[in-house]
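Participant: show me how the following folds:
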Amino acid sequence: MNPVLEAMKTRRSIRKFKPDMVEQDKIDQIVEAGLYAASGMGKQASKIIVVKNKDFRDKLSAINGKILGQPEGVDPFYGAPVVLIVLADKDWFTGIYDGSLVMGNMMLAAHTLGVGSCWIHRAKEEFELPEYKELLKSLGIEGNWEGIGHCILGYADGAEPQAAPRKENRVYTID
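Facilitator: The predicted model follows:
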């Protein structure tokens, strides 16, 4: 089978991670895959923030959990040591779609490198908070940006889940 199709069929979201840090060369390859995602009119109107700093990662997790309504101390990032935050230009008409493709490319690339991943939501709500707008400014990111998602990365602590059977009646053909 084609290796890309095989990777698509076998990639699964991981929700329990070992604390081991992902090697920088693998993070770089995963980010690069995101940078090569298709984008509306080739504009490339998305950004990626790589978070490896444990203190910042834990702060991000706490705020994400608070937005979700989880009890304090519950980690919505499932212990993953790396968080890739994807942002999209709010003023670009395909920004959300472009950012979603970035997320998909990164999760697929992670899988092919033996790194577990999962898409965690609530980046939109986080980047509406003043402190996150300030974070963007501190990184030199100007403009009107929307959080698309967090691509959490790490090494799976346990077996990867199996794919659920595909539902029927999802494809229709017009010849």
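Participant: just the strands from this protein, written as ranges.
Facilitator: With DSSP state E as the criterion, the chain has strands at 46-51, 82-89, 116-120, 145-154.
Participant: format these as CSV; extra columns: distance to residue 3 and mean neighbour count.
Facilitator: Yep, even glycine has a C-beta here, placed from its N, CA and C like the rest. Formatted as CSV, the strands of the chain follow (distance: least, Cβ to Cβ, whole Å; neighbours: other Cβ atoms under 10 Å):
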stretch, distance to residue 3, mean neighbour count
strand 46-51, 24, 20
strand 82-89, 23, 24
strand 116-120, 18, 23
strand 145-154, 21, 25
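Participant: residue ranges of the helices in this protein, please?
Facilitator: Per DSSP state H, the chain carries helices over the ranges 3-10, 24-35, 54-68, 95-112, 123-126, 130-138.
Participant: so of these, which one's packed in deepest?
Facilitator: Counting by mean count of other Cβ atoms under 10 Å, helix 95-112 has the highest mean neighbour count of those, with a mean of 22.
Participant: residues touching the residue nearest the centre of the chain, list them.
Facilitator: Closest residue to the average C-alpha location of the chain: residue 151 at 1.9 Å, with Cα atoms, centre = their mean. Contacts for residue 151 (Cβ atoms under 8 Å, 6 or more residues apart in numbering) come out as 30, 34, 83-86, 103, 106-107, 110, 117-120.
Participant: least trustworthy helix or strand in this structure by mean pLDDT?
Facilitator: helix 130-138 (a mean of 93; mean pLDDT, DSSP states H and E).
Participant: okay, the angle between it and strand 46-51?
Facilitator: 100 degrees (axes from the mean of the first three to the mean of the last three Cα atoms, to 10 degrees).
Participant: okay, helix 130-138 in PDB with CA atoms only?
Facilitator: C-alpha atoms of helix 130-138 as PDB (Å, rounded to 0.1, in the frame of the first residue of the first chain):
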ATOM      1  CA  PRO A 130      -5.300  39.700  26.800                       C
ATOM      2  CA  GLU A 131      -2.400  37.700  28.100                       C
ATOM      3  CA  TYR A 132      -2.200  35.700  24.900                       C
ATOM      4  CA  LYS A 133      -2.500  38.800  22.800                       C
ATOM      5  CA  GLU A 134       0.500  40.100  24.800                       C
ATOM      6  CA  LEU A 135       2.300  36.800  24.200                       C
ATOM      7  CA  LEU A 136       1.900  37.300  20.400                       C
ATOM      8  CA  LYS A 137       3.300  40.800  20.700                       C
ATOM      9  CA  SER A 138       6.300  39.500  22.700                       C
END
